[in-house]
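# sharing a model prediction with you, sequence too.
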Amino acid sequence: MNINQLQYFCVLAETEHYTKAAQLLAITQPSLTHSIKELEKELGVCLFNKQGRNVKINQYGYFLYQQVRPILTSLENTKSELQLLIDPRKGTINLSFLHSLSQYFIPRLIHDFLQIEENSQINFNLHQGTTKEIKEDFQANKIDIAFTSNIEGEGITSIPIMQQELLLITPIDHPLADKQEIDLAEAAKYPFIFYEQNSGLRPILDSLFKSIDVKPTIAYELADDGTVCGFVAANLGIAIVPNIFGLDRFPVKAIKIINPHYERYIYLSYCTHKYMSPPVTKFKDFIINN
């Protein structure tokens, strides 16, 4: 018993006429007759009663039809929905990104991509998270592509696409607030608001302080940029944050770090061996080429 046999059976059950059913199925009548006989033979039951030149579905055929038709309909719908997901003009992209990119970079990127006429009907499922969360989502096959810290390895490719400046921020009335640039060692005596361990920024911050042989006093560990900025604005500590869009909305002073040297990159990441649908491939190429 295969899908073709069941499809042929359902069409015959609905028409109760071999010639009409064969025409609808675009097959020959002998092929249809053979398929139905093979199905009846496998099931060990007659599904139709002869009625002149036509046939009439019997109680056993009707029982099979009631069970099979919903399954075939569901399969047909699933196929249509799957085709829509990978349609290069109407498909869906599962995109994940760091919180620091949510206010400007990601909205602008999606806007520019959708401005291209052939991309205008492509949909995005958006997810925000820490680098660790994004990596776990990749491993669980929940996302197609991401903007994150470097997570290359374990089947993931990460391509650097832009450098992101880090700044020291302080409350506006802080003793360091009159500086335009700073050696990080000058700030070591003040309590810091740090990113939590799961953040992609945390290893960078730990490395910065290790390079100047300083163990910072950590007052709070937080997850996202906005919360860190809010705590600094409330005079609960100072912090090192990315130069994010909207930083000037907080009552904080941003100071350029001149020492130690650092490089903070944002990466385009995707699974190396995972099937990439046409819409996802198109988006990836758009990012790389632009």
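Happy to help now that I have it.

# state the distance from the most centrally placed residue in the chain to Ile122.
When Cα atoms, centre = their mean is applied to the chain, the residue found nearest the centroid is Asn94 (2.4 Å). Counting by Cβ to Cβ, to the nearest Å, the gap from Asn94 to Ile122 is 12 Å. Using the backbone N, CA and C atoms, a C-beta is placed for each residue, glycine as well.

# could you pull out the helices for the stretch 1-150 of the chain?
Assigned by DSSP state H, counting those that start in this stretch, the helices in the stretch 1-150 of the chain fall at 3-15, 18-25, 29-43, 59-86, 105-114, 131-139.

# adding mean pLDDT, distance to Thr170 and mean neighbour count, write those helices out as a markdown table.
Formatted as a markdown table, these follow (pLDDT from 0 to 100; distance: least, Cβ to Cβ, whole Å; neighbours: other Cβ atoms under 10 Å):
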| stretch | mean pLDDT | distance to Thr170 | mean neighbour count |
| --- | --- | --- | --- |
| helix 3-15 | 93 | 67 | 19 |
| helix 18-25 | 92 | 75 | 17 |
| helix 29-43 | 94 | 78 | 15 |
| helix 59-86 | 86 | 48 | 13 |
| helix 105-114 | 95 | 25 | 15 |
| helix 131-139 | 89 | 26 | 19 |
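
# now the farthest one out in the protein, which residue is it?
Summary for the chain: using Cα atoms, centre = their mean, the residue whose C-alpha lies farthest from the chain's mean C-alpha position is Gly52, with a distance of 58.6 Å.

# circling back to that earlier point, how about the helices of the stretch 1-150 of the chain in TSV, adding distance to Phe245?
Conversion of these to TSV gives the following (distance: least, Cβ to Cβ, whole Å):
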stretch	distance to Phe245
helix 3-15	52
helix 18-25	58
helix 29-43	63
helix 59-86	31
helix 105-114	7
helix 131-139	19
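
# what's the closest of those to Phe286?
Taking Cβ to Cβ as the criterion, helix 105-114 is the member of those that comes nearest to Phe286, at 5.5 Å.

# counting contacts, what elements does that closest one pack onto?
Based on contacts counted as 3 or more Cβ pairs under 8 Å, 6 or more residues apart in numbering; DSSP states H and E, the elements that helix 105-114 packs against are strand 92-97, helix 278-289.

# between these, which gets nearest to Phe245?
Nearest of the helices and strands packed on helix 105-114 to Phe245, taken as Cβ to Cβ: strand 92-97 at 13.1 Å.

# right, and Val228 touches Ala239 too?
Yes: using Cβ atoms under 8 Å, Val228 and Ala239 qualify as a contacting pair, with a distance of 5.1 Å.

# who touches both of the two?
Counting by Cβ atoms under 8 Å, 6 or more residues apart in numbering, the residues touching both Val228 and Ala239 are Ile193.
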